[in-house]
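# Just need the structure, nothing else, for what follows:
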Amino acid sequence: MGAKTQVSGARGSVEGARPESLLKDSVPFMSMCPRCTRVQLQDRFSRAALQVLLRDGQPVEAYCVMCHQFWPINSRERVELAKAVTDSEAVDESVPFTAICPKCFEEQPQRGYSGAALRGFLKGNRAIEAYCVRCDAFWDISPHERAAVTWALAR
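Predicted coordinates for the structure are as follows:
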């Protein structure tokens, strides 16, 4: 039996995690705190946990040690993280769609959400974030765009 370790974090501590546990398989990534704008190292998720969260469209929470604040990572970070943790044999293809940028009013192609992630966002009535490369802006897609995504996934 392996020695027990104590893993502590902002939401308490977990005692009993063994060195051979999935926590050893953590996938580090960076995310910027929306409050203080410091880029923070995130290393609290295992590869398996991240794959499930991304596949099911669940939020991936980042944490700032300075502000003691949690936030969901943005869609650009999700796409990069998904690339880093995806198994080549378990790929759920990206479902492309378009969204109108509220700044430049141009239709912008959106990639990076899997079908399972989009279904999870729609089922949970959570925001689906879009991105405009030209304006470097994020926004939640409109109800009309949500309806179009729902229709496309149903086909």
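# Does the residue nearest to the spatial centre of the chain lie in a helix or a strand, and which?
When C-alpha atoms, centre = their mean is applied to the chain, the residue found nearest the centroid is Arg78 (3.7 Å). Assigned by DSSP states H and E, Arg78 belongs to helix 75-85.
# Show me what that helix is packed up against.
The contact analysis (3 or more C-beta pairs under 8 Å, 6 or more residues apart in numbering; DSSP states H and E) places helix 75-85 against strand 29-32, helix 47-55, strand 129-132. The C-beta positions use only the backbone N, C-alpha and C, and glycine is treated the same way.
# residues touching Ile54, list them.
Just so we're on the same page, residue 54 is Leu rather than Ile. With contacts defined as C-beta atoms under 8 Å, 6 or more residues apart in numbering, Leu54 is in contact with Val60, Arg78, Leu81, Ala82, Val85, Ser114, Ala117.
# Surely the residue nearest to the centre of the chain and Gly112 touch.
Yes: the criterion here is C-beta atoms under 8 Å, and Arg78 meets it with Gly112 at 6.8 Å.
# can you list the weak-confidence ranges in this protein?
Residues of the chain that meet the criterion pLDDT under 70 lie in 1-25, 87-93.
# ok, back up a step: and the residue nearest to the centre of the chain, what is it in contact with?
Contacts here follow C-beta under 8 Å, 6+ apart; on that basis Arg78 touches Leu54, Val60, Gly112.
# Try it again at 10 Å.
Counting by C-beta atoms under 10 Å, 6 or more residues apart in numbering, Arg78 makes contact with Leu50, Leu53, Leu54, Gly57, Pro59, Val60, Pro72, Gly112, Tyr113, Ala117, Glu129.
# Then Asp56?
By C-beta under 10 Å, 6+ apart, Asp56 lies in contact with Ser114, Ala116, Ala117, Arg119, Gly120, Phe121, Lys123, Gly124.
# For the helix holding Arg78, which residues meet the burial criterion?
With burial defined by 16 or more other C-beta atoms under 10 Å, the residues of helix 75-85 counted as buried are Ser75, Glu77, Arg78, Val79, Leu81, Ala82, Val85.
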